[in-house]
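>>> Structure, please.
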Amino acid sequence: METTKHTIALVDDDRNILTSVQMTLEAEGFVVHTYTDGEAALQGILARPVSLAVLDIKMPRMDGMELLQRLRARSSLPVIFLSSKDEELDQLMGLRLGADDYITKPFSQRLLLERIRALLRRQDASRAEGSGTSGAGAAIVRGSLTLDETRHQCLWAGQDIMLTVTEFLLVKALALRPGMVKSRDQLIDAAYGENIYVDDRTIDSHIKRVRKKFRQIDDNFNQIETLYGIGYRYKED
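Below is the predicted model of the structure:
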């Protein structure tokens, strides 16, 4: 059993899933806040901040997509969302709205637990590197770009850009080696860790969202280049 102080928000209108997953997570040392609709979840998460949220897409009062949008307007909270196997469009839309990961229903609770732990490890490891506890600590500066891992902060020309954990790790992986091409598989390893399967389109969706965030500040941002059929690279300005 892994003891942890992380708190998880679990949002699903299926009470059987809520109860079952809550019991599993609490048995693993997590604190769990449960919600049966998006509106209650938004109010609860803003009032009682959590380490990570697991969101169902189809819910009453406010669906998972709208909840995700509203959370992203205020926070870079790590988010995993749940979708049915036939909801591929919803999966892509969720990623474009800023979800870090998704799992299709029906899912094994072991898989969900692994994804939660992996996402939290990525976040904790990034902050540890930034604080110097893993031997790093200096901010990454590439022209107009500054990445401060201690604060989980990304600046472009001095202006703050709110990135999710996954987006931050992707930008970091590219910016560490300007001019070097990173394949999608390499970016998956950098953002998700090894031995976790993620579809290539997931990386593409994250990159599109990252570019959009930078272009909201700088219309001419073109530092993340696509090499079709190969991957991506960072071009230092």
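>>> mind listing what's buried in stretch 27-47?
Using 16 or more other CB atoms under 10 Å as the test for burial, stretch 27-47 gives 28, 30, 32-38, 40-42, 44-45. Heads up, the C-betas are built off the backbone N, CA and C, glycines and all.
>>> could you say which helix or strand contains residue 65?
Following DSSP states H and E, one finds residue 65 within helix 64-72.
>>> What helices and strands are in contact with that helix?
helix 38-47, strand 52-56, strand 79-84, helix 88-97 (3 or more CB pairs under 8 Å, 6 or more residues apart in numbering; DSSP states H and E).
>>> Would you mind saying which of those lies nearest residue 186?
helix 88-97 (18.7 Å; CB to CB).
>>> what about that closest one, average pLDDT?
Average pLDDT, helix 88-97: 69.
>>> On the C-terminal side of it, identify the next helix or strand.
Once the chain leaves helix 88-97, the next helix or strand it forms, by DSSP H and E, is strand 101-105.
>>> Counting neighbours, which bits of that next one end up buried?
For strand 101-105, the neighbour count (16+ other CB under 10 Å) marks 101, 102, 103 as buried.
>>> what's next to it, contact-wise?
For strand 101-105, the surrounding residues in contact (CB atoms under 8 Å, 6 or more residues apart in numbering) are 79-85, 87, 91, 94-95, 111-112, 115, 119, 166, 192, 198, 202.
>>> where exactly do the helices run in this structure?
15-27, 38-47, 64-72, 88-97, 109-131, 165-175, 184-192, 200-215 (DSSP state H).
>>> what sits up against the longest one?
Contacting residues not belonging to helix 109-131 are listed as 2, 4, 6, 8, 20-21, 24-25, 28, 30, 51-52, 54, 78, 80, 100-101, 103, 134-137, 148-152, 165-166, 168-169, 172, 191-193, 196 [CB under 8 Å, 6+ apart].
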